[in-house]
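Novice: Just the structure for this:
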Amino acid sequence: MTSPQDDNCNEDYKLIENVKTFGWTVNIIEATEYLPSFAYTVGLWKNCNHPELIAFGLTTKTLHAILNIGGELVKGGHRLEVGRNY
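Specialist: Numbering: from 1, shown residues only. You can find the predicted model right below:
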């Protein structure tokens, strides 16, 4: 039987490995009755000196795809700016 602490360690390990492998990872939070779904990146600041990205209110699949596209743009040398369409 695993404890919640074991699960947290596994999640931490996956996050660290994704950041090492891809340069970032996307964390997704499912919607609740009072909170929309949202997702955010981890690793863009460390690996690309770029602010992390966050998106709200779409399906988790769409949020994941959007933030991965943003991560690829940043990894390719683009700086994402507020108020600009991508």
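Novice: okay, CA-based contacts and neighbour counts for the rest of this
Specialist: Fine.
Novice: Low-confidence ranges, this protein, go.
Specialist: 1-8 (pLDDT under 70).
Novice: redo that, cut-off 80
Specialist: Within the chain, the segments meeting pLDDT under 80 span 1-8, 86.
Novice: biggest helix in it by residues?
Specialist: helix 4-22 (DSSP state H).
Novice: Isn't A31 up against F56?
Specialist: No: counting by Cα atoms under 8 Å, A31 stays clear of F56, with 9.6 Å between them.
Novice: For this structure, which segments count as helices?
Specialist: 4-22, 44-48, 60-75.
Novice: Could you save these as CSV and add columns showing distance to E81 and mean neighbour count?
Specialist: Supplementary listing: the helices of the chain in CSV, determined by distance: least, Cα to Cα, whole Å; neighbours: other Cα atoms under 10 Å:
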stretch, distance to E81, mean neighbour count
helix 4-22, 22, 13
helix 44-48, 14, 16
helix 60-75, 11, 18
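Novice: Export the ones you listed as JSON lines, with columns for distance to V82.
Specialist: Shown next, in JSON lines, are the helices of the chain (distance: least, Cα to Cα, whole Å):
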{"stretch": "helix 4-22", "distance to V82": "24"}
{"stretch": "helix 44-48", "distance to V82": "16"}
{"stretch": "helix 60-75", "distance to V82": "13"}
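Novice: between the ones you listed, which gets nearest to N85?
Specialist: helix 60-75 (11.8 Å; Cα to Cα).
Novice: between that closest one and helix 4-22, how many degrees?
Specialist: Helix 60-75 runs at 40 degrees relative to helix 4-22, counting by axes from the mean of the first three to the mean of the last three Cα atoms, to 10 degrees.
Novice: Which other helices and strands does helix 60-75 contact?
Specialist: Helix 60-75 sits against strand 25-29, strand 38-42, helix 44-48, strand 54-56, with contacts defined as 3 or more Cα pairs under 8 Å, 6 or more residues apart in numbering; DSSP states H and E.
Novice: Using PDB, write out the CA atom coordinates for stretch 17-35.
Specialist: The C-alpha trace of stretch 17-35 is given here as PDB (Å, rounded to 0.1, in the frame of the first residue of the first chain):
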ATOM      1  CA  GLU A  17      12.000  14.400 -15.100                       C
ATOM      2  CA  ASN A  18       9.700  16.200 -17.500                       C
ATOM      3  CA  VAL A  19      11.400  19.500 -16.900                       C
ATOM      4  CA  LYS A  20      14.800  17.800 -17.500                       C
ATOM      5  CA  THR A  21      13.600  16.100 -20.700                       C
ATOM      6  CA  PHE A  22      11.400  18.800 -22.300                       C
ATOM      7  CA  GLY A  23      12.500  22.000 -20.600                       C
ATOM      8  CA  TRP A  24       9.100  22.400 -18.900                       C
ATOM      9  CA  THR A  25       6.000  20.600 -17.800                       C
ATOM     10  CA  VAL A  26       2.300  21.500 -17.600                       C
ATOM     11  CA  ASN A  27       0.400  21.100 -14.400                       C
ATOM     12  CA  ILE A  28      -3.400  20.800 -14.800                       C
ATOM     13  CA  ILE A  29      -6.100  21.600 -12.200                       C
ATOM     14  CA  GLU A  30      -9.500  20.200 -13.000                       C
ATOM     15  CA  ALA A  31     -12.600  22.400 -12.700                       C
ATOM     16  CA  THR A  32     -14.700  22.300  -9.600                       C
ATOM     17  CA  GLU A  33     -18.200  23.700  -8.800                       C
ATOM     18  CA  TYR A  34     -16.600  27.000  -7.900                       C
ATOM     19  CA  LEU A  35     -13.300  27.100  -9.800                       C
END
